[in-house]
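Asks: Got a predicted structure plus its sequence, pasted below:
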Amino acid sequence: MSPEAPGSLVVPTLLNRPDGHWYAEVDRLDPNPGADSWLRVSWSAATCTGQQLGIGGSIVCAVVPTGFQRSKYPANQLDFAANHLQWRDAAPSEGLMLVVALPEDWVIDSPAAASPSPVDAKVIKGRFATYWMLAGRGRVTFKVSHLQAEAIADFMERFRTNLLDLPRPSPVELQT
């Protein structure tokens, strides 16, 4: 798969507290005012090479042109119902690539359990990860489940087959 070229990149690495509530460690790249180029984000790279920078603990690799700002911060209040999570954000006019990485042994139930549907999914560093290409302002929602490690390979094959059955989405205009 060729690299994506979003205006911003947001990678929340999700974690589950002992009390069952979710939070994230976020790694983010946004353009400074006047930036006139896009990021180049490799979803498929197994390792970052050359000019690529590992984002979100190297869940994805990005070539970051001059004029972008990187920020890292914790995020709370991701839950909105039992095992249903959400991410709210605003995409710049060039669009936003949202990459979500779940804790080990957690998955998004199916492409249909996410709104909007993700573009692709993978397991990297023992974590299920998926991404969306977004435009506008609003939220992404998804239902997660715990899955035993030995079942992840079969699950991923079904999940990705279901994704391939869907048309590749163009950047989704988010609804608030």
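Replies: All right, it came through fine.

Asks: What ranges in the chain fall below the confidence cut-off?
Replies: Low-confidence regions of the chain, defined by pLDDT under 70, span residues 1-2, 80, 166-176.

Asks: What residue in it is the furthest from its centre?
Replies: In the chain, counting by CA atoms, centre = their mean, residue 34 sits farthest out from the average C-alpha position, at 25.5 Å.

Asks: a strand runs through it, doesn't it?
Replies: No - counting by DSSP: H, G, I helix; E, B strand; the rest coil, residue 34 is not found in a strand; it is coil.

Asks: now the spatially closest residue to it that is not a sequence neighbour: how far from residue 133?
Replies: The spatially closest residue to residue 34, leaving aside those adjacent along the chain, is residue 67, at 6.9 Å (CB to CB, 6 or more residues apart in numbering). Any C-beta I mention is one placed from the backbone N, CA and C, and that applies to glycine too. Distance, residue 67 to residue 133, using CB to CB, to the nearest Å: 21 Å.

Asks: who has more neighbours, those two?
Replies: residue 133 (21 against 12; other CB atoms under 10 Å).

Asks: and stretch 17-25, which residues are buried?
Replies: 22-25 (16 or more other CB atoms under 10 Å).

Asks: again with stretch 62-78
Replies: 62-64, 68, 75, 78.

Asks: and the residues you listed as a markdown table, adding secondary structure and distance to residue 143?
Replies: Below are the buried residues of stretch 62-78 laid out as a markdown table (DSSP: H, G, I helix; E, B strand; the rest coil; distance: CB to CB, whole Å):
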| residue | secondary structure | distance to residue 143 |
| --- | --- | --- |
| 62 | strand | 28 |
| 63 | strand | 33 |
| 64 | coil | 32 |
| 68 | strand | 32 |
| 75 | strand | 19 |
| 78 | coil | 13 |
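
Asks: closest to residue 84 among the buried residues of stretch 17-25?
Replies: residue 22 (9.9 Å; CB to CB).

Asks: Quick check: the closest one touching residue 78?
Replies: Yes - Residue 22 lies in contact with residue 78 (CB atoms under 8 Å); the separation is 4.3 Å.

Asks: where do the contact lists of those two overlap?
Replies: 14, 85 (CB atoms under 8 Å, 6 or more residues apart in numbering).

Asks: tell me the centre residue of the chain?
Replies: Against the mean C-alpha coordinate of the chain, by CA atoms, centre = their mean, the closest residue is residue 99 at 1.2 Å.

Asks: residues contacting that one?
Replies: 9-12, 43, 55-56, 59-60, 129-131.

Asks: Out of the residues you listed, which sit inside strands?
Replies: 9-12, 55, 60, 129-131 (DSSP state E).
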